[in-house]
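Novice: Mind folding the following:
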Amino acid sequence: METILIILGILLMITGLIGAFLPILPGLPFSYVGLLVLQLTENPPFSLRFLIVWAVIVVMIQFLEQIASVAGAKKMGASSYGIWGSIIGAIAGFFIFPPLGIVFGPIIGAYVGELINKKTTQEALRSAMGAVLGFFVSTFIKVVAALVMTYHFIVNAF
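Specialist: Numbering: from 1, shown residues only. Below you'll find the model as predicted:
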């Protein structure tokens, strides 16, 4: 049973890391559940305090992710078209042209979204950069948190 729990935990951690990059998949909750699954093993490795602290961190990052992306984009003049374009571009870029698509997809998507919104080329480019900046800041924070949780999982599982 212990092996099954560890394998399930590994799958959850991998899903969490992937989800930290993809905006459609809530990566950090998957990583956190991976820690909880490891806690179900014969010798639970984490203290209650550790688990509570990480639960708070995950909830805060999930909440702040929404604010950071929108705030960065709005600061540079992006509309909802630019924000949605950035998200769609990131997803499409990831699947169409990995790994560079995750970088260029949001830029192209935000730019096209702003052009659809009838902004000038200059305004669309500025908005695209703001949307991308917000996206990358929130993605960076999620990846760091997922990597730290993965580190704790690996150290304690093996």
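
Novice: Go through the lengthiest helix in the chain and flag the buried ones.
Specialist: As assigned by DSSP state H, the longest helix anywhere in the chain is helix 121-157. Neighbour counts over helix 121-157 (16 or more other C-beta atoms under 10 Å) mark 123-139, 141-142, 145-146, 149-150, 152-153, 156-157 as buried. Any C-beta I mention is one placed from the backbone N, CA and C, and that applies to glycine too.

Novice: now do stretch 68-86
Specialist: 68-74, 76-79, 81-86.

Novice: For the nearest residue to Leu125 once chain neighbours are set aside, which residues are in contact?
Specialist: Using C-beta to C-beta, 6 or more residues apart in numbering and skipping the chain neighbours, the partner closest in space to Leu125 is Tyr111 (6.3 Å). Tyr111 makes contacts with Gly82, Gly85, Ala124, Leu125, Ser127, Ala128, as judged by C-beta atoms under 8 Å, 6 or more residues apart in numbering.

Novice: Tabulate the residues you listed in CSV, adding columns for pLDDT and distance to Ile14.
Specialist: What follows is the contacts of Tyr111, written out as CSV (pLDDT from 0 to 100; distance: C-beta to C-beta, whole Å):
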residue, pLDDT, distance to Ile14
Gly82, 86, 31
Gly85, 87, 29
Ala124, 90, 36
Leu125, 88, 36
Ser127, 82, 34
Ala128, 82, 31
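
Novice: where along this structure do the helices fall?
Specialist: Under DSSP H, the chain gives helices at 2-21, 27-39, 48-75, 80-96, 101-116, 121-157.

Novice: mind listing what's buried in the shortest one?
Specialist: By neighbour count, and taking 16+ other C-beta under 10 Å as the criterion, the buried residues in helix 27-39 are Gly27, Leu28, Pro29, Phe30, Ser31, Tyr32, Val33, Gly34, Leu35, Val37, Leu38, Gln39.
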